[in-house]
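Provide a 3D model corresponding to the input given below.
(one chain, ligands or ions: 1)
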Amino acid sequence: MADPMTLVQPLTTPAPEAGHAPAAAILRNASVRFGTFTAIQDLSLEIEAGAFYTILGPSGCGKSTMLRLVSDLIPAASGEVEIFGKSTEEARLAREFAFVFQDATLLPWRSALQNVELPLEIGRKRGIEIKTSDRSPRELLELVGLKGREDALPHELSGGMRQRVAIARALVCQPRLLLMDEPFGALDEMTRDHLNLQLLQIWEETGTTILFVTHSIPEAVFLGQKVLMLQAHPGRLREVVEIDLPFPRAIKQRETPEFMRYAAYLRELLETC
Ligand SMILES: Nc1ncnc2c1ncn2[C@@H]1O[C@H](COP(=O)(O)OP(=O)(O)OP(=O)(O)O)[C@@H](O)[C@H]1O
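Numbering: from 1, shown residues only. Next comes the predicted model:
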């Protein structure tokens, strides 16, 4: 295995010039401020379409803020953010991305299937023409391993199952970019392992780009093709670490020396962020 040190990209990856094939996302010197507090400063990076990125960094370094910036939930105080060549607002309206939070945020009175159907219903009610997945809501529930539980209400499902419903709902408009903010953070280890494997399968099948925030170094290495390490005060990109481990990934890979070297490298890096 190549030494992770040699795989590290420069601290400020230059954003490409306009006119290239659209990346999933491009940030150019993007900063986010809350009043006088700078949460993210001069973040420049290109998110390659179709790739799986995991995002690590100390608490408060701006991981969630970065996802909120990309998803048009908060504006950039300066700099630019493009999603597939569009502004974040245009990308939001075109349903180019979908968000999955740590809490599944399902409507408790609607069944699993009705929750997955919700974005389509909202689109129809608002008269918005939206992309829909090639898969029906039922097929999406099957994809996330919930065949047979379509009629269950959220309180009848486990935490892991609720997160699967949230993932199926996120996929219903066929987003080209999936933003995931610690989606499995509240789950037990076995369930998390299972969902990690399932998410990798979904990623391979759908070809969607994934930005996945986690606090878990093993999870970041296991899922990611690249790990974005952010640093705090103010939030900025510290390093991009490429994870050169083969796909499809299997849980037992975590015991390999290569995996452990990446984890050890990221742990050391995190301690200095
Ligand atoms: N709406 C807000 N108003 C003021 N400050 C905010 C707001 N949202 C986030 N911040 C601050 O911005 C910084 C980055 O927050 P953010 O939630 O992005 O960090 P994080 O890396 O996701 O943290 P954690 O790992 O603990 O979830 C923190 O100092 C936080 O207090």
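
CA atoms only for stretch 55-65 - export them in PDB, please.
Output of stretch 55-65 as PDB, limited to C-alpha atoms (Å, rounded to 0.1, in the frame of the first residue of the first chain):
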ATOM      1  CA  ILE A  55     -15.900  14.000   6.300                       C
ATOM      2  CA  LEU A  56     -14.100  14.000   9.600                       C
ATOM      3  CA  GLY A  57     -12.900  16.700  11.900                       C
ATOM      4  CA  PRO A  58     -13.100  17.800  15.600                       C
ATOM      5  CA  SER A  59     -16.400  18.800  17.100                       C
ATOM      6  CA  GLY A  60     -17.400  22.300  16.000                       C
ATOM      7  CA  CYS A  61     -15.000  22.400  13.000                       C
ATOM      8  CA  GLY A  62     -17.900  23.000  10.500                       C
ATOM      9  CA  LYS A  63     -18.800  19.600   9.100                       C
ATOM     10  CA  SER A  64     -22.500  20.100   9.300                       C
ATOM     11  CA  THR A  65     -22.100  23.700   8.300                       C
END
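
quick one: is it near the ligand?
Yes. Against the ligand, stretch 55-65 shows contacts by Cβ under 6 Å from any ligand atom at 57, 59-65. C-beta coordinates here come from the backbone N, C-alpha and C atoms, glycine included.

what comes into contact with that stretch?
Identification of contacts with stretch 55-65 by Cβ atoms under 8 Å, 6 or more residues apart in numbering yields 32, 39-40, 66-67, 74, 181, 211-215, 217, 220, 227-236, 238, 266, 270, 273.

re earlier: which of the residues of stretch 55-65 next to the ligand sit farthest apart?
S59 and T65 (12.2 Å; Cβ to Cβ).

neighbour-wise, which of those two wins?
T65 (19 against 7; other Cβ atoms under 10 Å).

and the more buried one, what pLDDT?
pLDDT, T65: 96.

tell me where the model's unsure across the stretch 1-150 of the chain.
Confidence mapping of the stretch 1-150 of the chain against pLDDT under 70 gives the ranges 1-21.

for the longest helix belonging to the chain, list every residue counted as buried.
Under DSSP state H, the helix in the chain containing the largest number of residues is helix 189-206. Within helix 189-206, the residues scored as buried using 16 or more other Cβ atoms under 10 Å are 191-200, 202-203, 206.

how about the following helix or strand past it, does it reach the ligand?
Using DSSP states H and E, the helix or strand that follows helix 189-206 in sequence is strand 209-213. No. Figure legend: strand 209-213 not in contact with the ligand (Cβ under 6 Å from any ligand atom); closest approach 6.5 Å.

what is strand 209-213 packed up against?
Where contact means 3 or more Cβ pairs under 8 Å, 6 or more residues apart in numbering; DSSP states H and E, strand 209-213 is packed against strand 52-56, helix 63-70, strand 177-181, helix 217-223.

S78: which of those is closest?
Across these, the minimum distance to S78, taken as Cβ to Cβ, is reached by helix 63-70, at 11.7 Å.

dump the residue contacts of G148.
Contacts of G148 by Cβ under 8 Å, 6+ apart: none found.

state the distance from it to A39.
Distance from G148 to A39, counting by Cβ to Cβ, to the nearest Å: 43 Å.

same deal with R135?
R135 is 37 Å from A39, by Cβ to Cβ.

could you do A186 as well?
24 Å.

which of the two has more neighbours?
A direct count of neighbours by other Cβ under 10 Å for A186 and A39 places A39 higher, at 21 against 15.

which elements pack onto the helix or strand harbouring the more buried one?
Element membership for A39, per DSSP H and E: strand 37-47. Judged by 3+ Cβ pairs under 8 Å, 6+ apart, strand 37-47 is in contact with strand 25-34, helix 63-70, strand 78-83, strand 236-242.

if anything else comes up later, I'll come back, but that's it for now.
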